[in-house]
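K.L.:
sequence-free structure coming up:
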């Protein structure tokens, strides 16, 4: 089975990723975390993580899906262009499923992935407008929005976001577990 | 403000920790992750973490609270006695708040912390009985159980568990955020 790549960047949100990661584990989906380089990456809530691969080292042909957590300083992401180039490369393959939560759809928009797609994002309207990369008409004010293979979500939608991702990947998992 | 120590061990559950960690961040509570040694620690759902401190290096007098995630192989924890000794040392201080989810109350029970306390734990009755460390009469079949400064929870109770921990620490945070 091909892998889900999980992008990690400084200040990434652990809880936004956590249910999606747990569902990938339930579904026995191989996961690879990917960082800008081999340096440790500290999340917003204090977990310091070591990525399995880097944007340069990972074999994108082993990837069938991409998971992006939000991060507080998404507008100041160091070497942002490398993440965007990576996202474009992954998206150039067939049938890639992308799940992007909170502020991270900004990176998808910058990579051109949200063109003509319904989406949501955890950014204020002013910030969406100022960024100049979001199509205003396609913004949907819902917790989780799926348009084809692209899933976007508001940060607090982390549970239905993980569930939508697991279903898009056709994994077998207990959907009700996280809602008890 | 004193710190919350977060124990990390191989196969720790990321999602079980994640909402509690996010609430600590909201409440601006300093957090220190603690491992057996300085080696990277891989969670059950693929995040490889570097602990901030080790069981030997951490200054327990800086700690006022302890957070324990579950882990799948809690019965085979390498160098278990070191974790238990650490828990005992922390508990010997005054007014320590402990939050322990899923299988991890086994460590509290082995450290004698659950004596005469109401508790829950994400272990089967047979495993609880076989362990010989749980007081049968004090087991409570609820998602989250708080008895004084000790909070225990079933894994799927990770959201109310985090909320109970934040309240016990008297933090300011948005409780409803994770339930949208």
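P.N.:
Thanks, I have it. Every value quoted in this text rests on a predicted model; they were computed, and no experiment measured them. Numbers count the residues shown, from 1 in each chain, chains lettered A, B, ... in the order given.

K.L.:
all strands for chain A, in order.
P.N.:
For chain A, the strands defined by DSSP state E occupy A:3-7, A:31-35, A:41-42, A:48-49, A:53-54, A:63-68, A:97-101, A:144-147, A:150-153.

K.L.:
So what are the sheet partners of the fifth one and their directions?
P.N.:
Strand A:53-54 has these partner strands in its sheet, going by DSSP bridges: strand A:31-35 (parallel).

K.L.:
and if you look at the third one?
P.N.:
Strand A:41-42 sits in its sheet next to strand A:48-49 (antiparallel), going by DSSP bridges.

K.L.:
residues in chain A within reach of chain B, list them.
P.N.:
For chain A, the residues in contact with chain B (C-beta under 8 Å from any C-beta of the partner chain) are A:6, A:13-15, A:17-19, A:21-22, A:24-25, A:31-33, A:40, A:44-52, A:143, A:154, A:156-158, A:177-178, A:180. (Each C-beta comes from the backbone N, C-alpha and C, glycine too.)

K.L.:
hmm, try it at 6 Å
P.N.:
Along chain A, the residues adjacent to chain B under the rule C-beta under 6 Å from any C-beta of the partner chain are A:14-15, A:18-19, A:21-22, A:25, A:31, A:40, A:45-50, A:156, A:177, A:180.

K.L.:
Generate a PyMOL selection restricted to the buried entries among those.
P.N.:
Listed next is the PyMOL selection for buried residues among those, using 16 or more other C-beta atoms under 10 Å in any protein chain shown:
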select buried, chain A and resi 14+15+18+19+21+22+25+31+45+46+47+49+50+156+177
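
K.L.:
What is the neighbour count of residue A:88?
P.N.:
13 (other C-beta atoms under 10 Å in any protein chain shown).

K.L.:
If we ignore the residues flanking it in sequence, what's nearest it?
P.N.:
With sequence-adjacent residues excluded and distances taken as C-beta to C-beta, 6 or more residues apart in numbering or on different chains, residue A:88 is closest to residue A:111, at 4.9 Å.

K.L.:
Distance check, the one you found against chain B.
P.N.:
From residue A:111 across to chain B, the span is 24 Å (C-beta to the nearest C-beta, to the nearest Å).

K.L.:
Show me the shaky parts of chain A.
P.N.:
Scanning chain A for pLDDT under 70 picks out A:180.

K.L.:
before we move on, the earlier item: need the winner for burial among the strands of chain A.
P.N.:
Burial of these is given as mean neighbour count (mean count of other C-beta atoms under 10 Å in any protein chain shown); strand A:150-153 ranks first at a mean of 28.

K.L.:
contacts for it?
P.N.:
With contact meaning C-beta atoms under 6 Å, 6 or more residues apart in numbering or on different chains, strand A:150-153 is reached by A:98-101, A:105, A:117, A:119-120, A:144-145, A:161, A:164-165.

K.L.:
repeat that for 7 Å
P.N.:
Contacts to strand A:150-153, defined as C-beta atoms under 7 Å, 6 or more residues apart in numbering or on different chains, come from residues A:98-101, A:105, A:113, A:117, A:119-121, A:143-145, A:161, A:164-165, A:168.

K.L.:
what are the pairing partners of that strand, and which direction each?
P.N.:
Under the criterion DSSP bridges, strand A:150-153 sits next to strand A:97-101 (parallel), strand A:144-147 (antiparallel) in its sheet.

K.L.:
who's the residue positioned nearest the centre of chain A bridged to?
P.N.:
Central residue of chain A (C-alpha atoms, centre = their mean): residue A:68, 1.8 Å from the mean position. For residue A:68, the beta-bridge partners are residue A:100 (DSSP bridges).

K.L.:
Thought residue A:104 was touching it, still the case?
P.N.:
Yes - contact criterion C-beta atoms under 7 Å: residue A:68 and residue A:104 qualify, at 3.9 Å.

K.L.:
on that earlier part again, using CSV, lay out the strands paired with strand A:150-153 together with distance to residue A:132.
P.N.:
Below are the strands paired with strand A:150-153 laid out as CSV (distance: least, C-beta to C-beta, whole Å):
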stretch, distance to residue A:132
strand A:97-101, 18
strand A:144-147, 21
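
K.L.:
Check the spacing between residue A:166 and chain B real quick.
P.N.:
12 Å.

K.L.:
Tell me the spatial nearest neighbour of that residue, not counting adjacent residues.
P.N.:
The nearest residue in space to residue A:166 (C-beta to C-beta, 6+ apart) is residue A:23, at 4.0 Å.

K.L.:
show me the residues around residue A:96 that make contact.
P.N.:
Neighbour list for residue A:96: A:64, A:65, A:66, A:90, A:149 [criterion: C-beta under 7 Å, 6+ apart].

K.L.:
Give me the distance between residue A:95 and residue A:111.
P.N.:
17 Å (C-beta to C-beta, to the nearest Å).

K.L.:
which of the two has more neighbours?
P.N.:
More crowded of residue A:95 and residue A:111, by other C-beta under 10 Å: residue A:111, with 20 against 8.

K.L.:
quick one, helices of chain A?
P.N.:
Shown for chain A, the helices assigned by DSSP state H span residues A:14-26, A:80-91, A:105-110, A:125-131, A:158-168.

K.L.:
Packing partners of the longest one?
P.N.:
So the one you mean is helix A:14-26. helix A:158-168, helix B:14-26 (3 or more C-beta pairs under 7 Å, 6 or more residues apart in numbering or on different chains; DSSP states H and E).

K.L.:
between the ones you listed, which gets nearest to residue B:134?
P.N.:
Set against residue B:134 and scored by C-beta to C-beta, the helices and strands packed on helix A:14-26 come closest in helix B:14-26, at 19.4 Å.
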